[in-house]
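Colleague: Predicted model follows, preceded by the sequence.
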Amino acid sequence: MEPKGYLLLMLHAHLPFVRRPDLKAALEEDWLFEGITETYLPLLETFDRLQGERIPFRLTVSLSPTLCEMLQDPLLMARYADHLERSIALASKEVDRLSNHAELAPVARMYLEWFQKAEYLFEEQYNKDLLSAFRRLWESDSIALITTCATHAYLPLMMNRQTALAQIRIAIDYFKKLFGRRPAGFWLPECGFEPGFDKILADEGIEYFFVDAHGLLSARPAPPFGTMAPVSADQGIAVFGRDLESSRQIWNPNSGYPGHPDYRDFYRDQGYELPLEHLEEYLAPYGHRKMTGMKYHRITGGHGEKDLYNMDRARALAKEHASDFVQSRLRQAQAAEGMDSRPPLFVAPFDAELFGHWWHEGVDFLEELIRIAASHEGLELVTAHDYLKRHPNLDKASVASSSWGLGGHSQMWLDKSNDWIYIHLHKAAGRMGELARKYAGADPVLKRALDQGARELLLAQSSDWPFMMKTGAMSGYATRRVEEHLGNFNSLREQILSGAIDTVFLEKLEESHNIFPGSDFSVFSGYEPEELM
């Protein structure tokens, strides 16, 4: 018997490539360490626990190639282990400091146990290999793994079909190398879609991808079931549209669940509140304040003084919100009854890092949601493949330009704060295409230089840099990253054209920016500067 409705949960896990072997420690590497401790390990533990209890669940996880590279990098994983040791030591000091504080002593103990559990999971249960843990979940049919662009480039602004093809093809080849088979689905970074991308994806063997709601709602002809069923795009590839109501319940800054006053406040971190002498060992070798992950206040409301965090109340609230989320989907399904012969589908894609990192209780929310859905006949968790297997006949439509960013298009990645980067990216891509055509069949050293030039270009194309420039968060760092990678590309190009490769410079880049080993520069050989999307 079919359910009243389907729920397609999609978690997109991505972080920009950050790796500084030239330094003893780099602050930006903490983005990865926080993601592992607060999101990736808790999610894996939750999924394994559900499997162990034989609770069926199906959801989709997109792992970006840059994140995958970092999760298997020996240097970064060794540094993460050191980071956990420092976190445990600081949490132990906090347990002692707050032992007589009635409200905060339990929270301090929770953090100590949290870091100790992360160390156990990382070192013992997953043997420092999180990708294998995700692979096992995929092989057991609990999750579906898909990929995204090589360096998470925002494709609508890359201007050229070959750039989009390079980002997509490298990602697919890399995914197959890691997981042994090609991905069936693809996550377009920021849901950024332009007509023509569907053909590239279809030609590369992708069966489905996702767009924001207005990508389907503005499609031609208009899909009769809105976003509650995928459509078959011009190339026969299935396109799933984001459900606005389920997204609103999470993302809305005013009414979304994560903003509830009882949840933990992300920004009130002890790294900025404790005396420096108390933090001295934790902050070494940085020497300046940073996030510790230990936060003792709840959101409360407004910008005034925050109330203390009550973890039991917050966890209970997460379960209430999970129940409300399921009931809301059932009400949607009831309202849609009779509109179509198929049960309605609600596509709910989220950044994975929302759960656990930004929203501390988010993993508890997900687990409870899965448990409720597993015991409720009215709502069934599915993947895109599950849905297409049951309902292969789709309405045809030409999908509209769209993104899930501010304004629904490219406003977040193209404004006065970041528009300067695109002429340089476009020019560099054209030059990379010229080099790829000119030096086909290059000797080993020249090929190394060409391959590294392609890596530098790919890294410069990351959507993270214009996003940071737009928000003002780490804008100086983002600017330096774009300038660094484009500068490296131009230096390599000059050396290639002059026939004088600086092997010391090349080796340094190969060590620092060692992403996608084995990738081949020839993927850019079809680039024509005048060929715009």
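Modeller: Structure received.

Colleague: quick one: the top strand by length along the chain to chain centroid distance?
Modeller: Counting by DSSP state E, the longest strand found in the chain is strand 5-13. How far strand 5-13 lies from its chain's middle: 14 Å, per CA atoms, centre = their mean, to the nearest Å.

Colleague: Tell me which helix or strand residue 479 sits in.
Modeller: Using DSSP states H and E, residue 479 sits in helix 475-498.

Colleague: what's the average pLDDT for that helix?
Modeller: The average pLDDT within helix 475-498 is 97.

Colleague: Would you mind writing the CA trace of it as CSV?
Modeller: C-alpha atoms of helix 475-498 as CSV (Å, rounded to 0.1, in the frame of the first residue of the first chain):
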residue,chain,number,x,y,z
SER,A,475,36.2,38.3,2.9
GLY,A,476,39.9,39.1,3.1
TYR,A,477,40.7,35.4,3.3
ALA,A,478,38.4,34.6,0.4
THR,A,479,40.1,37.4,-1.7
ARG,A,480,43.5,36.0,-0.9
ARG,A,481,42.5,32.5,-1.9
VAL,A,482,41.2,33.6,-5.3
GLU,A,483,44.3,35.8,-5.9
GLU,A,484,46.6,33.0,-4.7
HIS,A,485,45.2,30.3,-7.0
LEU,A,486,44.9,32.6,-10.0
GLY,A,487,48.5,33.8,-9.4
ASN,A,488,49.7,30.2,-9.2
PHE,A,489,47.9,29.4,-12.4
ASN,A,490,49.4,32.4,-14.2
SER,A,491,52.9,31.6,-13.0
LEU,A,492,52.6,28.0,-14.2
ARG,A,493,51.3,29.2,-17.5
GLU,A,494,54.2,31.6,-18.1
GLN,A,495,56.6,28.8,-17.2
ILE,A,496,54.9,26.4,-19.6
LEU,A,497,54.9,28.8,-22.5
SER,A,498,58.6,29.7,-21.9
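
Colleague: list the helices and strands it packs on?
Modeller: Other helices and strands packing on helix 475-498, by 3 or more CB pairs under 8 Å, 6 or more residues apart in numbering; DSSP states H and E, are helix 421-438, helix 444-460, helix 464-471, helix 503-512. C-beta here means a position set from N, CA and C on the backbone, and glycine is covered the same way.

Colleague: Give the rounded mean pLDDT of stretch 417-431.
Modeller: Rounded mean pLDDT across stretch 417-431 is 96.

Colleague: and that stretch, which residues are buried?
Modeller: Neighbour counts using 16 or more other CB atoms under 10 Å place 417-418, 421-422, 425-426, 428-431 of stretch 417-431 among the buried residues.

Colleague: Could you do stretch 402-414 as well?
Modeller: In terms of neighbour count (16+ other CB under 10 Å), stretch 402-414 has its buried residues at 402-405, 408-410, 412-414.

Colleague: next one: stretch 247-254
Modeller: For stretch 247-254, by 16+ other CB under 10 Å, it's 247, 249-251.

Colleague: nearest to residue 217, of the residues you listed?
Modeller: Of all the buried residues of stretch 247-254, residue 217 sits closest to residue 247, with 13.4 Å by CB to CB.

Colleague: and that closest one, helix, strand or coil?
Modeller: At residue 247 the chain is in helix, as set by DSSP: H, G, I helix; E, B strand; the rest coil.

Colleague: OK, contacts around it?
Modeller: Each residue near residue 247 by CB atoms under 8 Å, 6 or more residues apart in numbering is listed here: 213, 348-350.

Colleague: ok, so of those, who is nearest residue 95?
Modeller: Nearest to residue 95 among the contacts of residue 247, counting by CB to CB, is residue 350 at 32.9 Å.

Colleague: Look up phi and psi at residue 232.
Modeller: Dihedral angles of residue 232 (phi, psi; degrees, to the nearest 10) stand at phi -100, psi 110.

Colleague: Could you list which residues are in contact with it?
Modeller: Counting by CB under 8 Å, 6+ apart, residue 232 touches 238-239, 394-397.

Colleague: and with 7 Å instead?
Modeller: Counting by CB atoms under 7 Å, 6 or more residues apart in numbering, residue 232 touches 238, 394-396.

Colleague: Name all residues that make contact with the nearest residue to residue 218 once chain neighbours are set aside.
Modeller: Nearest non-adjacent residue to residue 218, counting by CB to CB, 6 or more residues apart in numbering: residue 400, 3.8 Å away. Applying CB under 7 Å, 6+ apart, one finds that residue 400 lies in contact with 214-215, 218-219.
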